[in-house]
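J.: this is the structure alone, sequence omitted:
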Ligand SMILES: [Zn+2]
């Protein structure tokens, strides 16, 4: 009969201790390898993982992992999870701007790299006492004008301090603190498709776009810049084909200085100058002279004012930006654009700008001041 083995408690403890010791060594080695992987300067796969852990997608992490080590360590130190922003750093944005941009990114929602770059260019030094810097479209060089305009407005008339500040900044950025047709500069036609023409940016009397062509008679009447026709026709086709019985017609495209002069003078004759100025531009100040603007209605001969009651009008409002066009004089922005709402007036700016523009709630006048000038 086998003798029952005696259990020595000390021996059990020794075995358990030895086991735990070995486990610790293995885990320690694992941790060490893990850390050295993360810190490794040559192994892209490891750095990729570091970016994934910061919230980037696998593809984004792959792209970031290719950057040089100094950039990568800055990104890891200041993570904001915007791939385009990180790549701007790689593209030559200096680290000071990067960190400032990162602060802006955290402070204002939904910024793109275009936004951050425009802000870095326009904001100047941060000053916690400057209330106007609470607005994302703050432009440092307009500071004195913000203060001057603010002193003439009553904050109590606004629903919030934010709305009050927004209004001041918006009006000044759009030059509405200056006198229409008195305080103006030459329109910068070198901006081409993104030029600004309004009551403060004038086209020369002799300015005529050099690529004007006649519009296809199926789409409208008159002339436009040839470089915008393809997108215009596509937009009109897609609208018309979106539903039965839809139709569109370009009723007023390019207008020469002289045509605008006659048109405006007729309006002044009928309505008086003050009234005419709310819906018609003075010669040289009309976007139609740029060859980039169109008045669109549902059918030839339709009164502009009737277009708003048509489904085509709604369609354009929702889809024009997909084709490079923007609604230039929206409802509710009369005090910023200087014009009554014009649901029929579209302006071509190119698809890249129109798409970005559509994600914001500002007029093209302000967009130009902040992003394009
Ligand atoms: Zn128009």
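T.: Here it is on my side, so go on. Since we're looking at a predicted model, the values are computed, not measured.
J.: hey, what's the residue of the stretch 101-250 of the chain found nearest the ion bridged with?
T.: Proximity of the stretch 101-250 of the chain to the ion (C-beta to the ion) peaks at residue 250, 10.5 Å away. Yep, even glycine has a C-beta here, placed from its N, CA and C like the rest. Here residue 250 sits in beta bridges with residue 220, residue 296, going by DSSP bridges.
J.: for it, the count of nearby residues, please.
T.: By other C-beta atoms under 10 Å, 22 other residues sit near residue 250.
J.: equivalent analysis for the one 3 residues further on, please.
T.: In terms of burial, residue 253 registers 25 neighbours under the definition other C-beta under 10 Å.
J.: burial count for the closest residue to residue 185 other than its chain neighbours?
T.: Distance criterion C-beta to C-beta, 6 or more residues apart in numbering; nearest residue to residue 185, sequence neighbours excluded, is residue 201 at 6.1 Å. Using other C-beta under 10 Å, residue 201 is surrounded by 21 other residues.
J.: over to residue 138?
T.: Using other C-beta under 10 Å as the criterion, residue 138 is surrounded by 22 other residues.
J.: that one and residue 132 touch, don't they?
T.: Yes: with contact defined as C-beta atoms under 8 Å, residue 138 counts as touching residue 132 (5.4 Å).
J.: give the residues shared as contacts by the two.
T.: residue 169 (C-beta atoms under 8 Å, 6 or more residues apart in numbering).
J.: wait, a helix at residue 121?
T.: Yes: using DSSP: H, G, I helix; E, B strand; the rest coil, the secondary structure at residue 121 is a helix.
J.: next one: it from residue 21, what distance?
T.: Look at residue 121 and residue 21: by C-beta to C-beta, to the nearest Å, they are 60 Å apart.
J.: dump the residue contacts of the residue of the stretch 151-300 of the chain found nearest the ion.
T.: The ion sits closest to residue 295 of the stretch 151-300 of the chain, with a gap of 4.2 Å, by C-beta to the ion. Residue 295 sits next to 250, 251, 252, 253, 288, 304, 342, 344, 345 when contact means C-beta under 8 Å, 6+ apart.
J.: excluding its backbone neighbours, what's nearest it?
T.: Spatially, and ignoring its direct neighbours in sequence, residue 295 is nearest to residue 252 (3.8 Å; C-beta to C-beta, 6+ apart).
J.: which bits of the chain sit near the ion?
T.: Contact residues, the chain versus the ion (C-beta under 5 Å from the ion): 295, 345.
J.: re the thing from before, how deep is the residue nearest to residue 295 tucked in, by neighbour count?
T.: The burial count for residue 252: 19, using other C-beta under 10 Å.
J.: how close does the residue of the stretch 101-250 of the chain closest to the ion sit to residue 313?
T.: According to C-beta to C-beta, residue 250 stands 14 Å off from residue 313.
J.: the residue of the stretch 101-250 of the chain closest to the ion reaches residue 215, doesn't it?
T.: Yes: assessed by C-beta under 8 Å, residue 250 is found in contact with residue 215 at 5.9 Å.
J.: overlap in contacts of those two?
T.: In contact with both residue 250 and residue 215: 221, 222, 224, using C-beta under 8 Å, 6+ apart.
J.: which ones are touching the residue of the chain found nearest the ion?
T.: Per C-beta to the ion, the residue of the chain with the smallest distance to the ion is residue 345, at 3.7 Å. By C-beta under 8 Å, 6+ apart, the contact set of residue 345 is 287, 293, 294, 295, 327, 328, 329.
J.: mind listing what the third one touches?
T.: The one in question is residue 294. 220, 224, 232, 250, 252, 253, 345, 346, 347, 348.
J.: the last one now?
T.: Residues in contact with residue 329 (C-beta under 8 Å, 6+ apart) are 337, 339, 340, 341, 342, 345.
J.: which element is the second one on?
T.: Residue 339 belongs to no helix or strand when assigned by DSSP states H and E.
J.: do you know how far it is from residue 115?
T.: 26 Å.
J.: kindly report the same for the first one.
T.: Between residue 337 and residue 115 the computed distance is 22 Å (C-beta to C-beta).
J.: what do you get for the third one?
T.: Here residue 340 is placed at a distance of 30 Å from residue 115 (C-beta to C-beta).
J.: now swap in the fourth one and tell me
T.: If you measure residue 341 against residue 115 using C-beta to C-beta, the figure is 27 Å.
J.: tell me which of those two has more neighbours.
T.: Neighbours were counted for residue 341 and for residue 115 using other C-beta under 10 Å; residue 115 has more, 22 against 16.
J.: shaky segments in this structure?
T.: Scanning the chain for pLDDT under 70 picks out the ranges 1-7, 24, 28-46, 78-81.
J.: go with 50
T.: Per-residue confidence for the chain (pLDDT under 50) gives these ranges: 1, 36-37, 40-41.
J.: domain-wise, how is it divided?
T.: When the chain is parsed with automatic domain parsing, its domains come out as 38-122, 137-173, 185-372.
J.: partner residues bridging residue 212?
T.: Under DSSP bridges, the beta-bridge partners of residue 212 are residue 225.
J.: that one against residue 225, yeah?
T.: Yes: the pair residue 212 / residue 225 is scored as a contact, 6.4 Å apart, by C-beta under 8 Å.
J.: who touches both of these two?
T.: Listed as contacting both residue 212 and residue 225 by C-beta under 8 Å, 6+ apart are 254, 291.
J.: give me the more crowded residue out of the two.
T.: Between residue 212 and residue 225, counted using other C-beta under 10 Å, the more crowded position is residue 225 (21 against 15).
J.: where along the chain do the strands fall?
T.: With strands called from DSSP state E, the chain shows them at 185-186, 201-202, 212-214, 223-225, 249-252, 293-297, 325-327, 345-348.
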